[in-house]
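[1] I need the structure of the sequence given here:
(one chain, ligands or ions: 1)
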Amino acid sequence: MKQLKEFLDFAVTPYHTVEALKTTLEKAGFKDAKDFSGLELGKSYFATRAGTSIFAFTLPAKISSETVFHIAVAHSDFPGLRLAPNSDSFDVTGHTLHPEVYGSPILSTWFDRDLGIAGNIVTSDLKQHIFRDDCLCRIPNLAIHLTRTANPQQQINKQEELNALADFEECLEEHLSKLIPNETCDKHSFIASTQNKILSYDARLFDKAPTDISANGTLISSGRLDNLLSAEAAVRALVNSKDSNSINIVCVFDHEEIGSKSREGAGGNLLQANIAKIWNALGQSEASLYKVFEKSFTLSMDAAHAVHPGHLNAHDKGNQPRLGFGSVLKINANKRYATDVYSEAYFKKIAHDIALQTFVSRNDIACGSTVGPTLSAALGIPTLDIGAPILSMHSIRETAHVEDFFNLQKCAEAVFKAEEPFPF
Ligand SMILES: [Zn+2]
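    Have a look, this model is predicted:
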């Protein structure tokens, strides 16, 4: 429980998500795959891309005609507010910072929160500095006395109303420059180098409130549960399945919340390119890869909607996943999820002792999606969409159940340890 809380509290941006997952993997003996040329059977590796996606894998002791890939995927990003270039404004209210909306957060939940700034800075020595600054920023609500529409759902103007008051007087870039560790001195000349200049930065607002796990170990209240729960469950499952006969892979992509079309997103070549590198390093032909894909399996892990106590009708009557009742298989007739009759059957067979629920969207509510259909279409690997049920998806604070996290980890382990080849 302590490890989960530490992870959720640390991972305030996708850079931090990847840093934390990398640390877990390194502690478990995974090595940097570098250019993938020196891979050894029986060993475990990881590779990152753009600092916000991570690809980790374990190799079996031997490769044969029976070898397949067992893959679990998740995403490292979450909806939020990224500070725009030239975001500073100084007026009668003081210093404010203007954000750009990333993905689709429930904007009302960002008001009256204690926010900090975190992200990544690249300096003139071309080094990156992942930072977290607990300075205080606030997007204040307008007092109820000054507006008549505060309580019936208020329309929020994304351009005008999300400016955050900042508790520092200097402009953002100057503030960020103070966060860069001052480089020491040139070893040869012993002349102290001047502070490196900022070339670019990616700075985001984050909620400073720590994760709360209820005393009796049931409810988890935290930001970013979509999709940090899946990322952590997938990596733990991979670590616990090292002696499996399949090539097991976890890939945590960035940019799922904005459509995945980027070099570190699931719409790019990240998964396919890294799998090809592994296959080549093991001396296998590329032509055989596509045959292996057909017998392989992907578990696409992403948060699912738990039924809401005040809105039972927001769910299809026959499919109302509940907190604490297990992972949710996501099904959609229009392929917003990758699950099909074959992947569902195979998964239920290998995970026969794990509690599962199902989700199908109402016909009159547009269904969300995941990286599952994109990856399954690109690689031809049978895929199942699954996730832990959560409440308040895309709120600054979401709610889940501890047992569902462990259940999700078991689901990923069932895939990594599966001996039965995909039969369809
Ligand atoms: Zn998600």
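
[2] What residues does whatever residue of the stretch 251-400 of the chain ends up closest to the ion make contact with?
    Nearest residue of the stretch 251-400 of the chain to the ion, counting by Cβ to the ion: Asp302, 4.2 Å away. In short, each C-beta sits where N, CA and C put it, glycine included. Contact partners of Asp302, counting by Cβ atoms under 8 Å, 6 or more residues apart in numbering, are Ala74, His75, Asp226, Asn227, Ser230, Glu256, Lys330, Thr370, Val371, Gly372, Asp385, Gly387.

[3] how about the last one, what does it touch?
    When contacts are counted by Cβ under 8 Å, 6+ apart, Gly387 is found next to Asn227, Ser230, Met301, Asp302, Ala303, Ala304, Ser327, Val328, Lys330, Thr370, Leu408.

[4] any idea which element the last one lies in?
    What that stands for is Leu408. Using DSSP states H and E, Leu408 falls within helix 402-417.

[5] how about that helix: buried residues?
    By neighbour count with 16 or more other Cβ atoms under 10 Å, helix 402-417 contains the buried residues 402-405, 407-417.

[6] go on, stretch 24-38?
    Buried-residue list, stretch 24-38, by 16+ other Cβ under 10 Å: Thr24, Leu25, Ala28, Phe30, Ala33, Phe36.

[7] for stretch 72-85, same thing?
    In stretch 72-85, counting by 16+ other Cβ under 10 Å, buried: Ala72, Val73, Ala74, His75, Ser76, Asp77, Phe78, Pro79, Gly80, Leu81, Arg82, Leu83.

[8] Just say helix, strand or coil for the second one.
    The one in question is Val73. Here Val73 is recorded as strand under DSSP: H, G, I helix; E, B strand; the rest coil.

[9] For it, name its beta-bridge partners.
    Cys251, Ser300 (DSSP bridges).

[10] That one against Ser260, yeah?
    No. Contact criterion Cβ atoms under 8 Å: Val73 and Ser260 do not qualify, at 10.7 Å.

[11] Quick check: neighbours shared by those two?
    Phe253, Ala266, Val371.

[12] between those, which is closest to Leu59?
    Phe253 (21.7 Å; Cβ to Cβ).

[13] Select the helix or strand of the protein having the lowest average pLDDT value.
    helix 286-295 (a mean of 93; mean pLDDT, DSSP states H and E).

[14] Can you name the residues that contact Glu264?
    Contacts of Glu264 by Cβ under 8 Å, 6+ apart are Arg49, Ala50, Thr52, Ser53, Phe253, Asp254, His255, Leu270.

[15] Now narrow the contacts of Asp302 to whatever sits close to the ion.
    Counting by Cβ under 5 Å from the ion, Asp226, Asn227 from the contacts of Asp302 sit close to the ion.

[16] Sort out for me which of the contacts of Asp302 are in helices.
    Members of those lying in helices (criterion: DSSP state H): Asp226, Asn227, Ser230, Gly372.

[17] Let me see the contact set for the first one.
    It stands for Asp226. Phe78, Asp302, Ala303, Ile390, Met393, His394, Glu398.

[18] Please state the offset of the least confident helix or strand of the chain from the chain centre?
    Helix 286-295 sits 28 Å away from the centroid of its parent chain (Cα atoms, centre = their mean, to the nearest Å).

[19] ok, the residue in the stretch 1-150 of the chain that the ion sits nearest to - contacts?
    Closest residue of the stretch 1-150 of the chain to the ion, Cβ to the ion: His75 (5.7 Å). Residues counted as contacts of His75 (Cβ under 8 Å, 6+ apart) are Asn227, Ser230, Ala231, Val252, Phe253, Asp254, His255, Glu256, Glu257, Ala266, Asp302, Val371.

[20] can you redo the buried residues of stretch 72-85 as TSV with pLDDT?
    As requested, those are exported to TSV (pLDDT from 0 to 100):
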residue	pLDDT
Ala72	98
Val73	98
Ala74	98
His75	98
Ser76	98
Asp77	98
Phe78	97
Pro79	98
Gly80	98
Leu81	98
Arg82	98
Leu83	98
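
[21] The stretch 51-200 of the chain: strands as residue ranges?
    53-58, 69-75, 80-91, 94-102, 115-123, 128-138, 164-166, 198-207 (DSSP state E, counting those that start in this stretch).

[22] So which elements touch the fifth one?
    Just to be clear, that refers to strand 115-123. helix 14-27, strand 128-138, helix 172-177, strand 198-207 (3 or more Cβ pairs under 8 Å, 6 or more residues apart in numbering; DSSP states H and E).

[23] Show me what secondary structure element comes after the first one.
    Right, helix 14-27. strand 31-32.

[24] Each with direction, which strands does that following strand pair with?
    strand 44-49 (parallel).

[25] excluding its backbone neighbours, what's nearest Ile354?
    Lys410 (5.3 Å; Cβ to Cβ, 6 or more residues apart in numbering).

[26] Quick check: chain neighbours aside, which residue is closest to the residue of the stretch 1-150 of the chain closest to the ion?
    His75 sits nearest to Glu256 (Cβ to Cβ, 6+ apart), 3.5 Å away.

[27] And the one you found, how close does it get to Ala266?
    According to Cβ to Cβ, to the nearest Å, Glu256 and Ala266 sit 7 Å apart.
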